[in-house]
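Trainee: 3D, please:
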Amino acid sequence: QVQLVESGGGLVQPGGSLRLSCAASGFSKPYYAIGWFRQAPGKEREEVACLSSSDGSTYFPRSLKGRFTMSRDTAKNTVYLQMNSLKPEDTAVYYCRVYFGGGSSLTGQGTQVTVSS
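Mentor: As a prediction, this is how the structure comes out:
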């Protein structure tokens, strides 16, 4: 069964850190990138990170550089999103997405991140 399973979300105080995980399994075809996006109530979806499967290079929007990092453990087919210095505006549901060729993709179920004192 093809699936992405996110974990690691939760409640954290402003200035705190969280590490999200996305475990991929059951893929029968290669994907060229895997990334994270977030969706907050009343706001547009925002891409927060992307990692190339070929060379592991990462991309972050300028607004998040320096606070968010992304890494992978190829042996575990898992990617991680490390989020530091979290702000209340980082509150959202975070989704993992895998990008295949031909424009297709697969998205996980999401994990809630709440930044609040």
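
Trainee: identify the bridge partners of the residue nearest the centre of the chain.
Mentor: A centroid search over the chain (C-alpha atoms, centre = their mean) returns Trp36, at 2.9 Å, as the residue closest to the centre. Beta-bridge partners of Trp36, counted by DSSP bridges, are Ala49, Cys96.

Trainee: and the helices in this structure?
Mentor: Assigned by DSSP state H, the chain shows no helices.

Trainee: tell me the contacts of Tyr95?
Mentor: Under the criterion of C-beta atoms under 8 Å, 6 or more residues apart in numbering, the neighbours of Tyr95 are 6, 36-39, 107-110. All C-beta atoms are positioned from the backbone trio N, CA, C, and that covers glycine.

Trainee: show me what contacts the residue nearest to the centre of the chain?
Mentor: Here Trp36 is in contact with 20, 22, 47-50, 70, 81, 94-97 (C-beta under 8 Å, 6+ apart).

Trainee: 10 Å instead, please
Mentor: Applying C-beta atoms under 10 Å, 6 or more residues apart in numbering, we find Trp36 in contact with 6, 20, 22, 46-51, 60, 68, 70, 79-81, 83, 94-97, 108, 111.

Trainee: ok so, going back, ok, of the contacts of Tyr95, which come out buried?
Mentor: By neighbour count, with 16 or more other C-beta atoms under 10 Å, these hold 6, 36-38, 108, 110 as buried.

Trainee: tell me the one of those nearest Ser116?
Mentor: Ser116 lies nearest to Arg38 out of these, by C-beta to C-beta, at 15.7 Å.

Trainee: where's that closest one relative to Tyr94, distance?
Mentor: Distance of Arg38 to Tyr94, given as C-beta to C-beta, to the nearest Å: 5 Å.

Trainee: now do the closest residue to Gly101 other than its chain neighbours, the pLDDT please.
Mentor: Of all residues not flanking Gly101 in the chain, Tyr32 sits nearest, at 6.4 Å (C-beta to C-beta, 6 or more residues apart in numbering). pLDDT for Tyr32: 90.
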